[in-house]
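Asker: Sharing a model prediction with you, sequence too.
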Amino acid sequence: MLIYAGDYDDEFPRQGTYYGAIPYQTGNPRPLSANSKGTITSNFYLLVKYVEVTPKSFVCTGDAGTVQYTNAAVDLTDLWDFGPDPSKHCSYTYHFPYGEYPLTTSSDPGMALAADRNPWLPTPGYFGRPKRDFESFDPNGDRESVKLGNAITHQKDGQYVLYVDGHTSFEKTTTCGVNGDNIYTSQTATDIKKGILPTMTSQPANKTDSLLLHDPPKGAAR
């Protein structure tokens, strides 16, 4: 990501200028085009295209329903995303880059840039299962209430988080952003620890509000 940012005015990977499904094959608009759309996974895919990262790097073995993307019919660097249902080939969330507060290398070093999947959004391995009760999540409560906000990937014990300063840490709570910000929700004026239940139309509330999202599986509500 730092190599990519060095070539793109210190901006971390961003495909297009606003969120929305795009075709994944050759001929899509170029990155950062004024009229192109992007998905969360298409931002990661720019690292496959331009920085020689392999699709295997985007799959966590603990993320049920996710497998490495392959396509023997084409050169992977000619594509713009991980196939027609990219959520099945990328295990990670990314700070929402479409809107007023995308991240750059000059952002607060404590901002969360990427992490395991957001527990409040549909995932391939858990698509169709009952959703967690957001109202029961209490970042100030007992351990079980706190764990409700953690990633599914690690049995709610926590999540691996990549920060703007380049370090990665396994965090046992989601309130690991700047000043105790919840990395998976948008802040409110009075609450940064719990925040608002996220959707794919959510936006960071300010420049120190980490909001890590992932694309839902094909057919799931965005």
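Answerer: Structure received.

Asker: what about the residue located most distally from the centre of the chain, helix or strand, and which?
Answerer: Computed with Cα atoms, centre = their mean, the maximum C-alpha offset from the centroid of the chain is found at Ala73, amounting to 27.9 Å. Ala73 is part of no helix or strand, with elements assigned from DSSP states H and E.

Asker: Mind pulling up the pLDDT for Ser57?
Answerer: Here, the pLDDT recorded for Ser57 equals 97.

Asker: Likewise for the one 4 residues further on?
Answerer: At Thr61 the predicted local distance difference test score is 90.

Asker: what about it, neighbour count?
Answerer: Thr61: 8 surrounding residues under other Cβ atoms under 10 Å. Bear in mind the C-beta positions are built from the backbone N, C-alpha and C, glycine included.

Asker: who touches it in this structure?
Answerer: If you count contacts by Cβ atoms under 8 Å, 6 or more residues apart in numbering, Thr61 has none.

Asker: any idea how far it lies from Glu11?
Answerer: 30 Å (Cβ to Cβ, to the nearest Å).

Asker: Dihedrals phi and psi, Val161?
Answerer: For Val161, the backbone dihedrals are phi -130, psi 130 (criterion: degrees, to the nearest 10).

Asker: Please name the bridge partners of it.
Answerer: Ala115, Ser169 (DSSP bridges).

Asker: pretty sure it contacts Cys176?
Answerer: Yes: counting by Cβ atoms under 8 Å, Val161 touches Cys176, with 6.1 Å between them.

Asker: Find residues that contact each of the two.
Answerer: The contact sets of Val161 and Cys176 overlap at 112, 169, 183 (Cβ under 8 Å, 6+ apart).

Asker: Let me have those residues in TSV, extended by pLDDT.
Answerer: Putting the shared contacts of Val161 and Cys176 into TSV (pLDDT from 0 to 100) gives the following:
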residue	pLDDT
Ala112	98
Ser169	98
Ile183	98
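
Asker: Buried ones among those?
Answerer: 112, 183 (16 or more other Cβ atoms under 10 Å).

Asker: Thank you kindly, that will do.
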